[in-house]
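> whatever this is, show me its structure:
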Amino acid sequence: MIEISLGKLVLLALIALIVLGPEKLPGAARTAGALLRRVRNGWDNVRAEVERELEIEQIKRTARDAAAQAEAAQNELKDHLQQVHEPLAQVASELKAGVTPPSDPVMTGPSPASGEPEAAVQSELPLGLPASSPERLPHDHA
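Numbers count the residues shown, from 1 in each chain. The predicted structure is shown next:
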């Protein structure tokens, strides 16, 4: 921008006083001030608009980056789901074909639906005591 020192400003004021005269100088100064305000406001508006555009570009760039990260995460999730789905599909096809999976040794005991749990509980009690007896057992110490 134009640099105006104090000496240059005084020189301009003297030239304006000589050219315009003392009667027209205040009006010319007001007009010059108004013109400078308009130029400054216009410049500020342009600068603000450029800054807004730069911010919008930054937001767009951030949104594109976030979308790319979301797509990468979605693809990774699809890959993991596919890795889990393939063994399950294989087991399902084996079951449909009639191949039996190995039996679980924990599940080989008597089934609770057989109606024998009460008999099993009574067989664990000492002989001579009914299952509903409130008496203490001989090995209990009070």
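> hey, which helix or strand in the protein has the poorest pLDDT?
Of all helical and strand segments in the chain, the minimum by mean pLDDT, DSSP states H and E falls on helix 117-124, at a mean of 47.
> surely residue 25 meets residue 17?
Yes - at 5.8 Å, residue 25 counts as touching residue 17 under the criterion of C-beta atoms under 8 Å. Where you see a C-beta, it was placed from the backbone N, CA and C, and this is true even at glycine.
> what packs against the helix ranked longest in the chain?
Secondary structure of the chain per DSSP state H: the longest helix is helix 6-97. Helices and strands touching helix 6-97, by 3 or more C-beta pairs under 8 Å, 6 or more residues apart in numbering; DSSP states H and E: there are none.
> so which helix or strand takes in residue 3?
Under the assignment given by DSSP states H and E, residue 3 is not contained in any helix or strand.
> that one: how many residues sit nearby?
When neighbours are counted by other C-beta atoms under 10 Å, residue 3 registers 5.
> what do you get for residue 98?
Residue 98, neighbours per other C-beta under 10 Å, totals 6.
> repeat that for residue 86.
Counted with other C-beta under 10 Å, residues neighbouring residue 86 total 10.
> report pLDDT for it.
On the pLDDT scale, residue 86 is placed at 90.
> ok, it - contacts?
By C-beta atoms under 8 Å, 6 or more residues apart in numbering, no residues touch residue 86.
> distance of it relative to residue 79?
As judged by C-beta to C-beta, to the nearest Å, residue 86 and residue 79 stand 11 Å apart.
> and for residue 71?
13 Å.
> over to residue 35?
Distance of residue 35 to residue 79, given as C-beta to C-beta: 66 Å.
> what of residue 3?
The gap separating residue 3 from residue 79 is 63 Å, by C-beta to C-beta.
> burial check on residue 11, number of neighbours?
Neighbourhood size, residue 11 [other C-beta under 10 Å]: 12.
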